[in-house]
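Trainee: sequence and predicted structure below; questions after.
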Amino acid sequence: MKWIAVDYGDARTGLAECDPGEQIAAPITPQIEEKSMNRAAQAVAAAAFRRQAGGVVLGLPKNMDGTEGARAAKTRRFAQRLADACGMPVVLWDERRTTVSAAAILAENDTFGQKRKERLDSVSAAVLLDGFLAWRRNHPDAALPETVAPHTPKEE
């Protein structure tokens, strides 16, 4: 199945996608430059539909000790808006150290300054997606980790 990964941020949101065989994760550029949570969710949903993604993975920022702070709470709010916009569940995936790994990848490729800024969040999303896909390969029969389901419309 084709997945899209999301590294949500206050000003920039990075995206990555994988192939239908779930083998290769690649950053999607340009990043989404949007400060409004609702508009960012709509933009991610549009990207998921354009790329025919069957699933969405959202990075959940946890503290190094595994606890959740204010940033994780905001990301959970975004997850609900994204699930509603996409009409599909959003998998929450621990994103600890993805930005550090992404920065190292960009440095190894001599990507600095403005180019680094333009790509960092999407490369972080690719690192996140790569970890999720490795988990899927190693746990083929496991249920998905924590997901946020879209709200169902109330019947009148």
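Mentor: Received it, and whenever you're ready, just let me know what you need.
Trainee: contacts for stretch 146-156, please.
Mentor: Contacts to stretch 146-156, defined as CB atoms under 8 Å, 6 or more residues apart in numbering, come from residues 58, 60, 76, 79-80, 82-84, 86-92. From N, CA and C alone the C-beta is placed, and that goes for glycine too.
Trainee: just the buried ones from the residues you listed, in ChimeraX syntax?
Mentor: Buried residues among the contacts of stretch 146-156 (16 or more other CB atoms under 10 Å), as a ChimeraX selection:
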select :58,60,76,79,82,83,84,86,88,89,90,91,92
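Trainee: quick one: which two of the contacts of stretch 146-156 are the most distant?
Mentor: Within the contacts of stretch 146-156, two members stand farthest from each other by CB to CB: 60 and 87, at 20.7 Å.
Trainee: hmm, back to that, which of the contacts of stretch 146-156 sits closest to residue 121?
Mentor: Taking the contacts of stretch 146-156 together and measuring to residue 121 by CB to CB, the closest member is residue 58, at 12.7 Å.
Trainee: give the bridge partners for that closest one, please.
Mentor: Note on residue 58: beta-bridge partners residue 6, residue 92, judged by DSSP bridges.
Trainee: can you pull the contacts of it?
Mentor: 5, 6, 8, 75, 78, 79, 82, 90, 91, 92, 93, 148.
Trainee: next: residue 126.
Mentor: Per CB under 8 Å, 6+ apart, neighbours of residue 126: 5, 16, 25, 26, 27, 102.
Trainee: quick one: it from residue 4, how far?
Mentor: 11 Å (CB to CB, to the nearest Å).
Trainee: what are the buried residues along the longest strand seen in the chain?
Mentor: Ordering each strand of the chain by length in residues (DSSP state E) puts strand 25-33 first. Within strand 25-33, the residues that count as buried by 16+ other CB under 10 Å are 25, 27, 28, 31, 32.
Trainee: what is it packed up against?
Mentor: Other elements packing on strand 25-33 under the criterion 3 or more CB pairs under 8 Å, 6 or more residues apart in numbering; DSSP states H and E are strand 12-18, helix 37-50, helix 113-138.
Trainee: dump the ones you listed to TSV, plus mean pLDDT and distance to residue 65.
Mentor: Listed next are these as TSV, based on pLDDT from 0 to 100; distance: least, CB to CB, whole Å:
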stretch	mean pLDDT	distance to residue 65
strand 12-18	95	25
helix 37-50	97	27
helix 113-138	82	19
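Trainee: need the ones you listed in CSV with distance to residue 69, can you?
Mentor: As requested, the helices and strands packed on strand 25-33 are exported to CSV (distance: least, CB to CB, whole Å):
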stretch, distance to residue 69
strand 12-18, 19
helix 37-50, 17
helix 113-138, 18
